[in-house]
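# I'd like to go over a predicted model; first the sequence, then the structure.
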Amino acid sequence: MSDMVDTEPDAGEGPVSRLAAELKSSRPSVGPLVATDLTSAVTLLGLPGVTRAALTDARDAAYRLLESAVRQIPVPLRAQARVYFGWTEASAKLAKGQRLKLLGKMAAIAPDTWRTEREPRLLDELARQIVLVDARTEGLARATGKRHPLDSHLNVPWLAMGQLYSRSESAALALDRTLRRALEARRGMVIKGTYEDVVASSLYWFAVANVLDENRHRDFGGDWILIDQQAEVLLMQNWYELTFRLSPFSQRQVSHLRILLRACPDWELEPFVTSLKGDPLLDLWEDWIDACACQNDDLPLAGCRVHELFEAAQIISDAIRGHWRFLIDWTVSNADTNTDWSSPPWNSS
Ligand SMILES: [Zn+2]
């Protein structure tokens, strides 16, 4: 599978250039690319992963594909793609001309230049990412039962592993949400609770994510348990980003936070926040949040660590949800068979 997933789509006469040509001919004219346009474009090319997805979930498949592909577009073109498709709060309300103006402003070029130079580049890049995402979707499907049973790290109690993964994903998302609320409070929006409350809560979720991360390593030897090796590497990298690299803390300080949390009955929020009173790590965390000078969550400033953390949380959530969606599909499709429920599907073929 890796040979297929790792292959860069070609720039010549392959599916990328054909899809790019198709997208340019439907020419979304600076507006939301209609899902049906996209579906017909990729179906026309017979991209296997997408076609399969469209068969089971026609309504969402195209949007999901588009979202995944846009997420892979390198910055700063990614931010422009979001505006182009009208996915940001501001751009959703704009008329075509205004949207083009905004895009020109973002790229620091004239709107017409954006139209003649950036739009084709964006559609080329989009086509490239769509084909990559498609190869990945297909790779996931093919991975069923293909992993070698001697990959002994897969011999884990997978229900327990699933629960731990689910809790880890929730912690990553809760960290994301509490930080967003802290930023909203700083921008003067009304939130539930005080700014200090939400800052402390976000540090709590940071500690939870770290304890769960360590538990996964302790109990399962890390993140080597997904069905797709590339997904595993992506997940591992983004856990590292979220639980350590982007934060203001040293390893010893992170360890201190884990100890504080583990000392709390049932890892409860209240005793954790109480035990943080007067702790310099709380000030360090608040300063870290305060360093975000972004005015708009959709257009973060380059190098903002808080916003980079949102991105990592999103990738983690996507990877884990995608994995479980696959498992659920497998479970449903095997519901009437004599399936061995004690081991994961890729071990049972
Ligand atoms: Zn920021």
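Arrived safely.
# next one: residue 97 from the ion, what distance?
Using C-beta to the ion, to the nearest Å, we find residue 97 at a distance of 29 Å from the ion. Bear in mind the C-beta positions are built from the backbone N, C-alpha and C, glycine included.
# what's the distance between that residue and residue 114?
With distances taken as C-beta to C-beta, to the nearest Å, residue 97 is found 12 Å from residue 114.
# neighbour count for these two, which is higher?
residue 114 (24 against 10; other C-beta atoms under 10 Å).
# pull up the gap between the more buried one and residue 259, please.
Residue 114 is 52 Å from residue 259, by C-beta to C-beta.
# got it, and residue 104?
For residue 104 relative to residue 259 (C-beta to C-beta), the value is 52 Å.
# now swap in residue 208 and tell me
13 Å.
# looking at those two, which one has more neighbours?
residue 208 (23 against 12).
# count the neighbours of the closest residue to the more buried one other than its chain neighbours for me.
What sits nearest to residue 208 in space, not counting adjacent residues and going by C-beta to C-beta, 6 or more residues apart in numbering, is residue 171, at 4.4 Å. When neighbours are counted by other C-beta under 10 Å, residue 171 registers 24.
# OK, contacts around residue 171?
For residue 171, the contact set (C-beta atoms under 8 Å, 6 or more residues apart in numbering) comprises 205, 208-209, 212.
# and the helix or strand containing residue 133, what's its mean pLDDT?
Using DSSP states H and E, residue 133 sits in helix 119-142. Mean pLDDT, helix 119-142: 77.
# same question for stretch 20-32.
Mean predicted confidence for stretch 20-32 is 66.
# ditto for stretch 268-288
96.
# do you know the pLDDT at residue 201?
The predicted local confidence for residue 201 is 96.
# tell me the contacts of it?
So residue 201 contacts 178, 193, 269, 273 (C-beta under 8 Å, 6+ apart).
# with adjacent residues omitted, what lies nearest to the second one?
If I follow you right, that is residue 193. residue 201 (7.9 Å).
# distance of that neighbour from the ion?
18 Å.
# same thing with residue 249?
18 Å.
# test my guess that that residue contacts residue 255.
No: under the criterion of C-beta atoms under 8 Å, residue 249 is not in contact with residue 255, lying 9.2 Å apart.
# of the two, who's got more company?
Each of residue 249 and residue 255 has its neighbours counted (other C-beta under 10 Å); residue 249 has more, 19 against 13.
# residues in contact with that one?
257, 281, 284.
# show me these that map onto helices.
257, 281, 284 (DSSP state H).
# and these, which is closest to the ion?
For those, the residue nearest the ion by C-beta to the ion is residue 284; the value is 17.2 Å.
# excluding chain neighbours, what is closest to that closest one?
Per C-beta to C-beta, 6+ apart, closest to residue 284 is residue 248, 5.1 Å.
# return a ChimeraX selection command for the buried portion of the contacts of residue 249.
ChimeraX command restricting the contacts of residue 249 to the buried ones, with burial defined by 16 or more other C-beta atoms under 10 Å:
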select :257,281
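# still on that earlier bit, find the helix or strand that the residue nearest to residue 193 is a member of.
Residue 201 belongs to helix 195-220, assigned by DSSP H and E.
# the helix or strand just after that helix - what's its average pLDDT?
Remark: after helix 195-220, the chain's next helix or strand is helix 229-240, criterion DSSP H and E. In this model, helix 229-240 carries a mean pLDDT of 83.
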